[in-house]
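J.: Structure for this input, please:
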Amino acid sequence: MKRIGISTGGGDAPGLNAVIRAVTLASIRRGWEVVGLLRGYGAFFDPSQIRILDRPAVRGTTHLGGTILGTRSGANPFERRVEQDDGSVVVEDLTEEAIAGFHRLGLDALVAVGGDGSMRLALKLHQHGIPVVGVPKTIDNDLAGTNVTFGFHTAVDVATAAIERLHSTADAHDRIFVVELMGRYAGWIALFAGVAATAQVILIPEIPYDMDEVCDHLMARERRGRRWAVVVAAEGARPVGGDFTWSKRIGGQTEALGGVAERVATEIHERTGKETRTVTLGHLQRGGQPIPYDRLIALRFGAAAVRQIEEGEFGVMVSLDPPTVRAVPLELAVSRMKSVPLEADVVATARDLGICLGE
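T.: Below is the predicted model of the structure:
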C-alpha cells in the first residue's frame with residue numbers, strides 16, 4: 001500500500017476541495033491511503049496536524065469553497081526567522097527537518113496544491129529527494145506551464161457579476177465607478193471580467209496606463225451622451241513611468257498591492273470634475289462555490305496527479321494543455337510569471353470593442 005500526502009498552500013481558491021476529493025478517491029481506488037496535511041506543511045513539524053482522508057471525509061465536498069485541510073500563505077514554512085539581541089534577524093533553514101517530517105509520517109509521495117510559491121516549495125522538496133507532484137491553483141492564472149489554473153474562472157465570474165451590477169447605479173447617478181480586482185502582477189482577471197462585463201476602461205499591469213488617455217476616453221464618451229462609466233483596474237496596474245500602488249508599508253517593507261482604485265478615481269475626479277466612486281472586491285473573488293468549469297478542472301487535475309504517482313513520475317506539475325491534462329517539469333512551472341501577452345486575442349478584442357486600455 002502507498003501512503004499519499006496532500007497539502008493545500010497559499011491563498012485559497014475555488015476548487016481546492018474538488019482536488020482533494022479527486023486525489024482521495026483515485027488513491028482509494030488503487031488501494032492507497034491518503035493523509036491530508038493540515039494548514040500547509042505544518043504536519044512535517046507536528047505529526048498531529050494530519051487528517052486521514054477516506055470516502056466519508058470527502059463526501060459532498062466538490063462544490064464547497066475553501067479547503068477542508070486549511071492553508072497558510074505569505075511565509076516559507078521551511079524557514080524560521082529568529083530575532084537576535086541586537087535586533088537583526090537570522091533565517092534558519094528548516095528543510096532537513098521538513099524532509100525528516102515527511103518520512104516520519106510514512107509518506108510515499110506528496111501532492112502539493114498551490115500557486116507559484118507552493119510550486120517553488122514543491123520543487124525544493126523534489127530536489128531533496130521527496131517524490132512530489134504539483135497541482136496548479138491560483139485565481140490569478142499567472143502560473144506558467146498550464147493553460148489555466150483552477151479558481152480563475154470562478155473569480156472572473158464573481159467579478160463580472162459585480163461589474164454588471166454597477167452599470168445601473170452608475171447610469172442612475174451619472175457617476176464613474178473604479179473597480180479594483182485581484183491578480184497581483186498579472187491582468188487576467190481584470191481583462192477577462194472587464195471585457196465580459198462591458199467595462200469602458202480596463203487597466204492591467206502589462207499595459208502601463210496614461211491618465212490623459214483614460215480621461216480623454218471618458219470625456220469623449222460623455223460628449224456622446226454617456227455620462228457614466230465603469231473603470232476596471234487590476235491591483236497591479238500602474239501608470240506609465242510610475243510605481244505600483246501599495247496598501248501598506250511596514251518598516252519600509254512593502255506588504256501588499258492595493259489601493260489603485262482610489263488612486264485612479266482621485267485622478268479622474270481631479271482631471272474631469274466627474275463624481276467618482278470605488279469598489280474593491282478583494283477576497284470575494286476567492287470565496288464561495290467554484291463554478292462547474294473549475295470543479296471539473298480541479299477534479300481532472302487531482303485524478304491526473306494520482307496517475308503520475310502510479311507511473312512514478314515526480315518533480316512535475318499537472319497542467320491543462322487543451323483538450324488534455326498533461327505533466328510539465330516543476331522547473332517550467334516556476335520559471336516565469338505568466339502575464340497577459342500583449343498580442344493576446346482578448347486584448348485585441350478589447351481594442352476592437354472600443355475599450356480603453358490606458359494606451
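J.: My impression was that His283 belongs to a helix - is that right?
T.: Yes - the assignment for His283 by DSSP: H, G, I helix; E, B strand; the rest coil puts it in a helix.
J.: Let me know the distance separating it from Val158.
T.: Distance, His283 to Val158, by CB to CB, to the nearest Å: 10 Å. C-beta: built from backbone N, CA, C; applies to glycine.
J.: what does Pro47 give?
T.: From Pro47 to Val158 the distance is 38 Å (CB to CB).
J.: With neighbour numbers in mind, choose between these two.
T.: Relative neighbour count places Val158 above the other of Pro47 and Val158, with 22 against 12, counting by other CB atoms under 10 Å.
J.: Could you double-check that that one lies in contact with Gln289?
T.: No - Val158 is beyond contact range of Gln289, at 10.2 Å (criterion: CB atoms under 8 Å).
J.: Output the contacting helices and strands for the top helix by length along the chain.
T.: What stands out as the longest helix in the chain, according to DSSP state H, is helix 152-173. Where contact means 3 or more CB pairs under 8 Å, 6 or more residues apart in numbering; DSSP states H and E, helix 152-173 is packed against strand 176-181, helix 188-196, strand 229-234, helix 292-310.
J.: Name every strand pairing with the first one and say which way it goes.
T.: It refers to strand 176-181. strand 229-234 (parallel), strand 276-280 (parallel) (DSSP bridges).
J.: and the residue lying closest to Gly70 once chain neighbours are set aside, what does it touch?
T.: Distances taken as CB to CB, 6 or more residues apart in numbering put Arg39 closest to Gly70, at 4.1 Å, once the chain neighbours are dropped. Counting by CB atoms under 8 Å, 6 or more residues apart in numbering, Arg39 touches Gln49, Leu69, Gly70, Thr71, Arg72.
J.: Below-threshold pLDDT in the protein: ranges please.
T.: 1, 74-75, 248-255 (pLDDT under 70).
J.: Centre-most residue in it?
T.: Thr138 (2.7 Å; CA atoms, centre = their mean).
J.: gap between the residue nearest to that residue when sequence neighbours are not counted and Ala57?
T.: Spatial nearest neighbour of Thr138, excluding adjacent residues (CB to CB, 6+ apart): Gly115 at 3.7 Å. Going from Gly115 to Ala57 by CB to CB gives 24 Å.
J.: ok so Gly312 is a helix residue?
T.: No - Gly312 is assigned coil when assessed by three-state DSSP, not a helix.
J.: neighbours of it, just the number please.
T.: For Gly312, using other CB under 10 Å, the count is 8.
J.: again with Thr146
T.: 24.
J.: show me the contacts for it.
T.: Taking CB under 8 Å, 6+ apart as the test, what Thr146 contacts is Pro136, Met317, Ser319, Leu320, Asp321, Val328, Ala333.
J.: Need phi/psi at it.
T.: When read as degrees, to the nearest 10, the backbone of Thr146 gives phi -140, psi 140.
J.: ok, now Leu53?
T.: The phi/psi pair for Leu53 (degrees, to the nearest 10) is phi -100, psi 110.
J.: How is this protein divided into domains?
T.: 3-151+290-333, 153-287 (automatic domain parsing).
J.: Which among those is found nearest to Ala348?
T.: Nearest to Ala348 among the domains of the chain is domain 153-287; the distance by CB to CB comes to 10.7 Å.
J.: mind checking how far the residue in the chain sticking out farthest from the centre is from Asp142?
T.: Relative to the centre of the chain, the most outlying C-alpha is that of Arg223, 38.9 Å out, by CA atoms, centre = their mean. In this view, Arg223 and Asp142 are 38 Å apart by CB to CB.
J.: now do Gln289
T.: Gln289 sits 23 Å away from Asp142, going by CB to CB.
J.: try Ile4
T.: 28 Å.
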